[in-house]
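Asks: Provide a 3D model corresponding to the input given below.
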Amino acid sequence: MGDWSMFEAIVPTQYGVPLHLHESQEEWFWVLSGKFKFEVGDDLGELSAGGSLLAPRQIPHRWQNVDGSNGRLVILAQPAGLLETFFDELYRFTPEQDRKS
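Replies: Next comes the predicted model:
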């Protein structure tokens, strides 16, 4: 119990994830660089470097890099669940040239 996973994601411009929710995990985002559009439940907004937000469990959410270059996010999930597998798969679909900031 109390386990968590933390990832740094290098996100290509205009890339995002579809609307989804996690039954059992809270997901917290911290923007290291770039500008990201977030939708969490009925709330819409943009965050730049230094901004953070929480997507509570069972609340639909999505995000997208709306900057003109790669962005970087720290993503923390608690409890860890299967999110490590999700982000491993996400990395596989990121073009190799975009894996560097």
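
Asks: buried set for stretch 32-40?
Replies: 33-36, 38-40 (16 or more other Cβ atoms under 10 Å). Quick note: C-beta positions are derived from backbone N, CA and C, even for glycine.

Asks: do the same with stretch 48-64
Replies: Those would be 53, 55, 61, 63-64, for stretch 48-64 by 16+ other Cβ under 10 Å.

Asks: Closest one of these to residue 12?
Replies: Of all the buried residues of stretch 48-64, residue 12 sits closest to residue 64, with 10.5 Å by Cβ to Cβ.

Asks: Assign the closest one to helix, strand or coil.
Replies: Here residue 64 is recorded as strand under DSSP: H, G, I helix; E, B strand; the rest coil.

Asks: Okay, now the unreliable bits of the chain?
Replies: Along the chain, the parts satisfying pLDDT under 70 run over 1-2, 81-88, 90-91, 93-101.

Asks: Now do the helices in it.
Replies: With DSSP state H as the criterion, the chain has helices at 83-92.

Asks: Now do the strands in it.
Replies: 5-11, 16-20, 26-33, 35-40, 43-48, 52-55, 61-65, 71-78 (DSSP state E).

Asks: Any idea which of those gets closest to residue 92?
Replies: Comparing those by Cβ to Cβ, strand 5-11 comes nearest, at 13.0 Å.

Asks: before we move on, the earlier item: okay if I get the buried residues of stretch 32-40 as a markdown table plus distance to residue 73?
Replies: Output for the buried residues of stretch 32-40, formatted as a markdown table (distance: Cβ to Cβ, whole Å):
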| residue | distance to residue 73 |
| --- | --- |
| 33 | 9 |
| 34 | 8 |
| 35 | 11 |
| 36 | 7 |
| 38 | 10 |
| 39 | 15 |
| 40 | 14 |
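
Asks: quick revisit: kindly present the strands of the chain as CSV, with separate columns for distance to residue 89.
Replies: What follows is the strands of the chain, written out as CSV (distance: least, Cβ to Cβ, whole Å):
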stretch, distance to residue 89
strand 5-11, 12
strand 16-20, 12
strand 26-33, 16
strand 35-40, 20
strand 43-48, 24
strand 52-55, 19
strand 61-65, 17
strand 71-78, 14
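
Asks: I appreciate the help and will end here.
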